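Colleague: Pasted the sequence and its predicted model underneath.
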Amino acid sequence: MDTLSATRMTFIDTQDARQLKPSLFNAIVAPRPIGWISTVDAHGRANLAPFSYFNGISPAPPMVMFTCNAPPDRTEKDTVANVRVVPEFVVNFVSFAQRDAMNMSSATVPAEHDEFELAGLQALPSHSVRPPRVAGAPAHLECRLVRIVDIEPQGPGERRSSLVIGRVVGVHVDERYLGPEQRFDTVLANPLVRLGGFTYATVGQTMEIGRPQWPG
């Protein structure tokens, strides 16, 4: 009997909310980079929160996105509410060294509370946008809002999600992580990534695999 025929697979019907656990889904869609997003509200008060459903969309034009579910106790998270009013945000690179501060900034606190202060972080002014940057982060992406796509729940157990798309209008990079030809040394910066549940990871074994040419 070959390996494939001996494999037992479990099928999960995602239309049945009782079958698909978020923790299972998060562990399969992994590892995920963490977008440590800073915003400001209409009064200029800063907010900082990590989002593991974050990624780049395009390098030219430079575009990023992050997504979050509405919390159980309110219409939407402070980050999304802020971006609707002040359409700018900063993506701060999360390194392993700042893991504890990142985790602290994920705490559910009143909207008027400053997560920079809560996590013991210094806020740096940005160049082209109003939200501040996280001091000590290896890189920052200053972004202006392009669009928010709200995804409404369609079944039991689902919550509203908001997909936030931003255009990067400025990049700050710690020169310690810049190599030849202005290449960012991701391994040296040691990014923290999210797996399932409360499990995180860092960069492990790396390799280079060249793109094949056709015809060979």
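Modeller: Received, thanks.
Colleague: neighbouring contacts of the helix or strand containing Asn92?
Modeller: Assessed by DSSP states H and E, Asn92 sits inside strand 88-93. The contact list for strand 88-93, computed with Cβ atoms under 8 Å, 6 or more residues apart in numbering, reads 35-40, 48, 54, 64, 66, 79, 82-83, 126, 129-134, 137-145, 164, 166, 189, 191. Where C-beta positions appear, they are placed from N, C-alpha and C, glycine not excepted.
Colleague: hang on, His172 is in a strand, isn't it?
Modeller: Yes: under DSSP: H, G, I helix; E, B strand; the rest coil, His172 sits within a strand.
Colleague: what about it, distance to Ala60?
Modeller: 19 Å (Cβ to Cβ, to the nearest Å).
Colleague: what about the two, which has more around it?
Modeller: Neighbours of His172 and Ala60, each counted by other Cβ atoms under 10 Å, are more numerous for His172; the result is 17 against 5.
Colleague: For that one, which non-adjacent residue is spatially closest?
Modeller: Setting aside the residues directly before and after it, His172 is nearest to His140 in space (Cβ to Cβ, 6 or more residues apart in numbering), at 4.3 Å.
Colleague: That neighbour pairs with what?
Modeller: Asn92, His172 (DSSP bridges).
Colleague: what's the spatially most central residue of the chain in contact with, if anything?
Modeller: When Cα atoms, centre = their mean is applied to the chain, the residue found nearest the centroid is Gly35 (2.6 Å). Gly35 makes contacts with Pro50, Phe51, Ser52, Phe54, Asn55, Val64, Phe66, Val91, as judged by Cβ under 8 Å, 6+ apart.
Colleague: rerun at 10 Å
Modeller: 49-56, 64-68, 79, 89-94, 141, 143, 164, 166 (Cβ atoms under 10 Å, 6 or more residues apart in numbering).
Colleague: follow-up on the earlier one: could I get the buried residue list for the following helix or strand past the strand holding Asn92?
Modeller: Per DSSP H and E, the first helix or strand lying C-terminal to strand 88-93 is helix 99-104. By 16 or more other Cβ atoms under 10 Å, the buried positions in helix 99-104 come out as Ala101, Met102, Met104.
Colleague: what does stretch 102-111 give?
Modeller: Met102, Met104, Ser105, Ser106.
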